[in-house]
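>>> Here's a sequence, model it:
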Amino acid sequence: MVADRPNVRDGKYHSDNARVVALSTRWYNNGKRCLDHITIECNGRSVQAKVVDECDSTRGCADDIVDGYKAIWKAIGSSGKQRGLG
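Numbers count the residues shown, from 1 in each chain. Purely as a prediction, here's the structure:
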C-alpha cells in the first residue's frame, strides 16, 4: 500500500501508522470485506486491521495477499513479506 495516495475503495489517505490493509481479490470478495476489521496473526502475535482497499489479483497481486502499512507488520514482528499468513 502507498501512503502518499488515497486508497481506491475508501478514498482516504492513511499514514504508515494506520492499521489498514488491502486484500487480494479473492479475500476482498467483491468489496464485501471493505471497511471490515480482520485479525492478522503471525509469530504468536495478532493485530486488528481495517480493510480499505483491494490488491487486484488480475493486475499482479497474488491471490493470497494482505498488503498493509508498516504499523501492521511491526505490531506482529514481521517484515510483511511472508506468504501464507491467511
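>>> how close does the spatially most central residue of the chain sit to Gly44?
In the chain, the centroid-proximal residue (Cα atoms, centre = their mean) is Val21; its distance is 2.2 Å. Here the criterion is Cβ to Cβ, to the nearest Å. By it, Val21 lies 20 Å from Gly44. All C-beta atoms are positioned from the backbone trio N, CA, C, and that covers glycine.
>>> Could you do His37 as well?
According to Cβ to Cβ, His37 and Gly44 sit 20 Å apart.
>>> and if you look at Gly31?
Gly31 is 32 Å from Gly44, by Cβ to Cβ.
>>> more crowded one of these two?
Between Gly31 and Gly44, counted using other Cβ atoms under 10 Å, the more crowded position is Gly31 (10 against 7).
>>> Can you report how many residues lie near the nearest residue to that one once chain neighbours are set aside?
Closest residue to Gly31 apart from its sequence neighbours, by Cβ to Cβ, 6 or more residues apart in numbering: Arg9 at 7.0 Å. Using other Cβ under 10 Å, Arg9 has 15 other residues around it.
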